[in-house]
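Participant: I'd like to go over a predicted model; first the sequence, then the structure.
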Amino acid sequence: MKTILNNTVLALALSFALSSCGGNSEKESTATQSVAATVEAEPVKPVEPELSNVLALEGNDQMQYNQTEFKIAAGKPVTLTLKHTGTLAKNAMGHNFVLLKPGTDINAFAKKAMEAKDNDYIPKSESASIIAHTKLIGGGESDTIIFTVIEKGTYDFICSFPGHVSMMKGKLIVE
């Protein structure tokens, strides 16, 4: 996506530069079409996650995880490192990783999590719905956990800090 955006900006800049130099309009048109063709020729492909039991996940000050899907091998230990790449403190923009069991109502879980400030927004009443979770971290901090998922399937993960679940969620695919 960044490459397409960069190429589009480059095409516009080249077009502007050529038109403001008073050059030959036939050359300008050809140069602009050439750059535009390069931009259009690049297909947009979704990033397919690779199977790995060593995971790195980042959260930022814009309430975003840098990845929303991981693939792991069933029955083998998983090492997950969550890093907060922002600068805001955890009381303002805290992030965590919470891996939920299949069938867990994410919105109901998030509502209960809002009331669990004293436990890093991990509701004790919902411990049966949680496979693994990190601690709550703020800007510049990180946390690493090790866990194992036995059964194959697709699992939801979220950030349980109040209001974050709407943007900070993803899928863990266990093969």
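Facilitator: Here it is on my side, so go on.

Participant: what about stretch 151-167, distance to the chain center?
Facilitator: 11 Å (Cα atoms, centre = their mean, to the nearest Å).

Participant: tell me which residues in that stretch are buried?
Facilitator: 155-161, 164-165 (16 or more other Cβ atoms under 10 Å). From N, CA and C alone the C-beta is placed, and that goes for glycine too.

Participant: out of those residues, what pair is the most spread apart?
Facilitator: Y155 and F161 (19.4 Å; Cβ to Cβ).

Participant: pLDDT at P49, what is it?
Facilitator: Reported pLDDT at P49 in the predicted model: 75.

Participant: Revised request: answer the last question for S15.
Facilitator: 43.

Participant: Repeat that for T3.
Facilitator: At T3, pLDDT is 43.

Participant: And the helices in this protein?
Facilitator: Here the chain has its helices, by DSSP state H, at 2-20, 25-41, 90-93, 106-114.

Participant: Residue ranges in the chain under the pLDDT threshold?
Facilitator: 1-47 (pLDDT under 70).

Participant: if you set the cut-off to 90 instead, what comes out?
Facilitator: 1-50 (pLDDT under 90).

Participant: This structure: strands as residue ranges?
Facilitator: Using DSSP state E, the strands of the chain run over 54-59, 69-72, 77-84, 98-100, 130-133, 142-148, 153-158, 169-174.

Participant: Quick check: which of the ones you listed has the most neighbours on average?
Facilitator: Most buried of these, by mean neighbour count (mean count of other Cβ atoms under 10 Å): strand 98-100, with a mean of 24.
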